[in-house]
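S.K.: Fold the stuff below for me.
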Amino acid sequence: MAVAPREDKTALGLTLMAIGVIGFTCIDTSAKWLLQHGIPALQVVWCRYAAHLVLVLVAFFPREGKALFHTEHPWKQALRAAALFGSTMLNFLALGYLPITVTTTIMFAGPIVVTLLAIPLLGEKVGPHRIGAVCVGFLGVLVVMQPWGAEFHPAMLLSVGALSCAALYFILTRQMAGKESNATSQVWGGALPTLLLAPVVLPSWEAPESTGVGVMLAVIGIFGAVAHMLATAAHRYADASVLAPVVYLQLLSAAAAGLLIFGTWPTPWTLLGAAIIIGAGLYIWHRERQRGVPHHRSPRM
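M.R.: Prediction:
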């Protein structure tokens, strides 16, 4: 399928990206809220992708038809979708135990892991400056996790796993850049988890305890689809190097959600770790912008 042409509308791109980032926080907030209301994690994940898939089909199938499902790289699309699914699953499991600010902050290390994986998987050359930034970024992750102290929770390892899956997802996205349409990638990303989980989730479906919980099970997928579509559309109107720092607005939206909905404040260690990770991520972004390397954000699943 044809790829939509680029347009130079930076302000519009930044606006769409900012709204998309808020949407990513809405996904995590909805997932944590549903888990607290007794919905199994696998059911939450399935609903997130099933609703996403339906919305993508409604948006693209009338125009694209069967071509929407066609890909020249089926194994890479499947692996990419599996990596996104793995990141979502691990992230949602972690949200059952951790404050949303902690999971969000750990996921901010995504560009750092991508930088490391790009060496063996994409053959990119990484100099001492970016290697140093990677080391500083992982120090920030350790500050958040505090494996040496009483604040450490084993669920933080789930967030690290989610981070690793997300990094693989973006490496595969880089490899297919310009080779596959966004619509095809969106439908594969939604269809694979939906089909894989359906035989497990549907036979053991747990009915929501209230209408509000049922509505949220549908809404979480809408948040996911709309947020990803907005973030993708933003890249039509502004360069990735301009949009990349917008993702760090998510710390503010996550902190607001944690306080207003769950009554939790970010700890000083979380804020310090976030500052270190964001600083390292911005430095890597600066170096990649100088070298013309595409910069990808961590996904909020």
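S.K.: Only C-alpha atoms from now on, for both contacts and neighbour counts.
M.R.: Fine.
S.K.: Following the one helix or strand Gly140 maps to in sequence, what is the next regular element?
M.R.: Per DSSP states H and E, Gly140 falls inside helix 128-145. The C-terminal neighbour of helix 128-145 among helices and strands, as given by DSSP H and E, is helix 156-175.
S.K.: Please name every helix or strand in contact with the helix or strand immediately after that following helix in the chain.
M.R.: From helix 156-175 onward toward the C-terminus, using DSSP H and E, the following helix or strand is helix 182-201. Counting contacts by 3 or more CA pairs under 8 Å, 6 or more residues apart in numbering; DSSP states H and E, helix 182-201 packs against helix 41-64, helix 74-95.
S.K.: for the next helix or strand after helix 182-201, the distance to its chain's centre please.
M.R.: Counting by DSSP H and E, the element after helix 182-201 in chain order, helix or strand, is helix 211-237. The offset between the C-alpha centroid of helix 211-237 and the centroid of the whole chain comes to 12 Å, using CA atoms, centre = their mean, to the nearest Å.
S.K.: Only the buried residues of helix 211-237, if you could.
M.R.: 213, 216-237 (16 or more other CA atoms under 10 Å).
S.K.: Stretch 244-260 now?
M.R.: Of the residues in stretch 244-260, those buried by neighbour count under the rule 16+ other CA under 10 Å are 244-248, 250-251, 253-259.
S.K.: before we move on, what about stretch 131-142?
M.R.: Here stretch 131-142 shows Ala133, Val134, Val136, Gly137, Phe138, Leu139, Gly140, Val141, Leu142 as buried, counting by 16+ other CA under 10 Å.
S.K.: swap in stretch 55-63?
M.R.: When burial is assessed from 16+ other CA under 10 Å, stretch 55-63 yields the following buried residues: Leu55, Val56, Leu57, Phe61.
S.K.: what does that stretch contact?
M.R.: Contacting residues not belonging to stretch 55-63 are listed as Leu68, Ala183, Gln186, Val187, Ile222, Ala225 [CA atoms under 8 Å, 6 or more residues apart in numbering].
S.K.: Give me the subset of the buried residues of stretch 244-260 that lies in helices.
M.R.: Using DSSP state H to define helices, the subset of the buried residues of stretch 244-260 located there is Gln250, Leu251, Ser253, Ala254, Ala255, Ala256, Ala257, Gly258, Leu259.
S.K.: got these as a markdown table, with distance to Val44 and pLDDT columns?
M.R.: Listed next are those as a markdown table, based on distance: CA to CA, whole Å; pLDDT from 0 to 100:
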| residue | distance to Val44 | pLDDT |
| --- | --- | --- |
| Gln250 | 22 | 86 |
| Leu251 | 23 | 86 |
| Ser253 | 21 | 93 |
| Ala254 | 19 | 92 |
| Ala255 | 22 | 92 |
| Ala256 | 22 | 93 |
| Ala257 | 19 | 93 |
| Gly258 | 19 | 93 |
| Leu259 | 22 | 92 |
